[in-house]
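A.B. asks: Please work out how this folds:
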Amino acid sequence: MGKLSKSRAVLLIAFLVTVWGINWPLSKIALAYTPPILFSGMRTLLGGLMLLAVAMRHRERLQFKRAWKIYAISALVNVVLYYGLQTIGLHYMPAGLFSAIVFLQPVLVGVLSWMFLGEAMYGLKMLGLLLGFAGVGLISSGGLSGHVSGVGIVLALASALSWAIGTIYVKKVSSIVDPIWLVTIQLIEGGLFMTLIGMAVENTSDIQWTSAYVLSLLFIALFVIAIGWVVFYYLINAGEASKVASYTFLIPLIAILIGTLFLNEPFTLTLVAGLALILCSIILVNRTPRRLRRKIAEQLQS
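C.D. replies: I've put the predicted structure just below:
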């Protein structure tokens, strides 16, 4: 995977899908004690402030005057739209279906990286991306009951698209800005914006500062938001965006497994079938066809 050794890449991917999978059940616990928009803003802002302590050691790399537009665009698509649309959209449709649509993101990343980053696109890769999306849909099918609205579907699609665009954008600007500062500023700007919106439309007095809420907030801010986004962008910059994104199909699986083990949520055959589709997806997306390998080898020799 580009500059990364295979073993290091596997460890980073395993860490990422684990903590991002834990995020869903932990957020479910935290939302019992806090209004949703305030929670989205606070966890993101806190994650950004945690990273700031690290970034300040290399303050000369910030270059805010030159790169402020990059920071603002990244904060808009990766934080405000991605998290904000999710928070609103979950009020309109079941969480299972909503998350399934959001995880159309790796498919969108595959297409956008082919269009704008010049990454290879071939039949096996597209088939793998579609199988992964189908696997996520199957895993999430337990949440398909209840009212489904057109507004909810549009918000879920917009959330997936904003995440995909943000992923491609970060890959494009990775040589212009420092990655730690990019994550730090986007989290602080996006988190501050959402926190202020939350304070305007929700009541801060509704937050119950229980130990369960505080521990969930701290874990999510540090591991899911701060370290998680740094690892994700590091992997994206080190390898093909579409191949890295394909591993995010595992996130709903991890979330449901944790829910099964710790929240007494049901374990079903659809979970096993969804896992099989996701594993096939990752294999296909990360497999380079023989003719393409031959072409790459010829280019390296010439």
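
A.B. asks: When you work out contacts or count neighbours from here on, use the C-alpha atoms and nothing else.
C.D. replies: OK.

A.B. asks: Give me the residue ranges of the stretch 151-300 of the chain where confidence is low.
C.D. replies: 263, 265-267, 288-300 (pLDDT under 70).

A.B. asks: for it, what spans make up the helices?
C.D. replies: 179-201, 211-219, 228-238, 241-246, 250-262, 269-285, 290-301 (DSSP state H, counting those that start in this stretch).

A.B. asks: starting at the chain centroid, how far to the longest one?
C.D. replies: The one in question is helix 179-201. Its chain's C-alpha centre and that of helix 179-201 lie 16 Å apart, by CA atoms, centre = their mean, to the nearest Å.

A.B. asks: need the helices for the stretch 1-150 of the chain, in chain order.
C.D. replies: Going by DSSP H, counting those that start in this stretch, the stretch 1-150 of the chain shows helices at 6-30, 36-55, 64-75, 82-89, 95-102, 105-116, 123-139, 150-173.

A.B. asks: Which of the ones you listed sits closest to Ile283?
C.D. replies: helix 123-139 (7.5 Å; CA to CA).

A.B. asks: Can you give me the buried ones in that closest one?
C.D. replies: 124-139 (16 or more other CA atoms under 10 Å).

A.B. asks: ok, back up a step: can you lay out the helices of the stretch 151-300 of the chain as CSV showing distance to Pro106?
C.D. replies: Below are the helices of the stretch 151-300 of the chain laid out as CSV (distance: least, CA to CA, whole Å):
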stretch, distance to Pro106
helix 179-201, 20
helix 211-219, 25
helix 228-238, 12
helix 241-246, 5
helix 250-262, 11
helix 269-285, 10
helix 290-301, 22
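
A.B. asks: Burial-wise, tell me which of those comes out on top.
C.D. replies: helix 241-246 (a mean of 26; mean count of other CA atoms under 10 Å).

A.B. asks: tell me which strands and helices that helix is in contact with?
C.D. replies: If you count contacts as 3 or more CA pairs under 8 Å, 6 or more residues apart in numbering; DSSP states H and E, helix 241-246 packs onto helix 105-116, helix 150-173, helix 228-238, helix 269-285.

A.B. asks: gap between it and the chain center?
C.D. replies: 11 Å.

A.B. asks: Please identify the buried residues of stretch 170-179?
C.D. replies: Val170, Lys171, Val173, Ser174, Val177, Asp178, Pro179.

A.B. asks: now that stretch, how far from the centre of its chain.
C.D. replies: The answer for stretch 170-179 is 18 Å, by CA atoms, centre = their mean.

A.B. asks: tell me the contacts of the spatially closest residue to Ile37 that is not a sequence neighbour?
C.D. replies: Leaving aside its sequence neighbours, Ile37 sits nearest to Gly198 (CA to CA, 6 or more residues apart in numbering; 5.0 Å). Gly198 is in contact with Ile37, Leu38, Gly41, counting by CA atoms under 8 Å, 6 or more residues apart in numbering.
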